[in-house]
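Engineer: requesting a structural model of the entry that follows:
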Amino acid sequence: MKEINLFNKNNDYQRFEVLKTNRNKRYKYNEFLVEGVRSLKEAAANGWQIRSFLYDKNNLSDWAQDMIRTVKTEVNYNLTPALLKELSGKADTSELMAVIRMREDSLEQVPLSPNPFIVLFDRPSNKGNLGTMIRSCDALGADMLIITGHAVDLYEPDVVVAAMGSFFNLPVVRVADNRKLYQYIDGLKQKHPDFKIVGTTAHKENPVWQVDLSGPVMLMMGNETMGLNQAFKEHCDVLCTIPMSEKSYATSFNVSCAGTVLMYEITRQRKL
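Structural biologist: You can find the predicted model right below:
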């Protein structure tokens, strides 16, 4: 494998920097920068295209050496310890980072289970919430997470870190055009006549445990501040809520916490 030595902040290094910090440049190159053992293991295991590894070849563990040896890349980069430390987002510099190709956003290409379980997150604005939602979807068996509207960047390093390895295991599709989403939903309803769209709200609606979630379902979660937009609410078959304790000062959950509770209820009902 071709290996390039980097001793200063040349054009290659500057490209790595913008992949980490600049959303527009990430999409220009169609790549993003990843670090962390769990994330890199899952990216390789799930067939993501790893274009390059970045490392200091004089400071590699057996695991890192094995990754470099066994994962096919286009070109790798050997950095000085100082350059690697400056590029890493961790207190203890990562020994191995990777440049990974983004995946195409295609609803139709995501394989669904016989009893589909899809989650939609409308206009997420917080990196940690999006990462946590990805992790919860993965943990609780969702087939896919759909992101709609003007949202925090899916490929932001903080999102990848918050999702941990689940980022590379769960299909996540960004949909900018709601018409395409509605067409996709119409197709699902033709294939699954009992397919149900369940919207969520902090206002008093149907308690979630009273809603039948055992069949094919799309759970729609709203933006952290504004909630689910009205157009989506009108497209829902039912709106549900998580009732708060009568003694509680809190009137709602953080969106990622609420999503986890609601997804757990879906999996619980499906096991009855």
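Engineer: mind listing the helices for the stretch 51-200 of the chain?
Structural biologist: Taking DSSP state H, counting those that start in this stretch to define them, one finds helices in the stretch 51-200 of the chain at 62-70, 81-87, 127-139, 157-163, 178-191.
Engineer: quick one, strands of this structure?
Structural biologist: Taking DSSP state E as the test, the strands found in the chain are 3-6, 31-35, 50-55, 76-79, 96-101, 117-122, 144-148, 172-175, 196-200, 206-207, 217-221, 238-241.
Engineer: how about these in a markdown table, adding distance to G131?
Structural biologist: From N, CA and C alone the C-beta is placed, and that goes for glycine too. Rendered in a markdown table, the data for the strands of the chain read as follows (distance: least, Cβ to Cβ, whole Å):
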| stretch | distance to G131 |
| --- | --- |
| strand 3-6 | 29 |
| strand 31-35 | 13 |
| strand 50-55 | 20 |
| strand 76-79 | 26 |
| strand 96-101 | 16 |
| strand 117-122 | 11 |
| strand 144-148 | 11 |
| strand 172-175 | 11 |
| strand 196-200 | 19 |
| strand 206-207 | 28 |
| strand 217-221 | 14 |
| strand 238-241 | 24 |
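Engineer: I'd like to know which of those lies nearest to I68.
Structural biologist: The closest of the strands of the chain to I68 is strand 50-55. By Cβ to Cβ, the value is 5.4 Å.
Engineer: show me how far that closest one is from its chain's centre.
Structural biologist: Relative to the chain's own centre, strand 50-55 is displaced by 21 Å; criterion: Cα atoms, centre = their mean, to the nearest Å.
Engineer: what's the average pLDDT for it?
Structural biologist: Over the span of strand 50-55, the pLDDT mean works out to 98.
Engineer: which other residues reach it?
Structural biologist: Applying Cβ atoms under 8 Å, 6 or more residues apart in numbering, the contact partners of strand 50-55 are 16, 31, 43-44, 64, 67-68, 71-79, 84, 87, 95-101.
Engineer: got the contact list for L87?
Structural biologist: 13, 16-17, 20, 33, 54, 79, 97.
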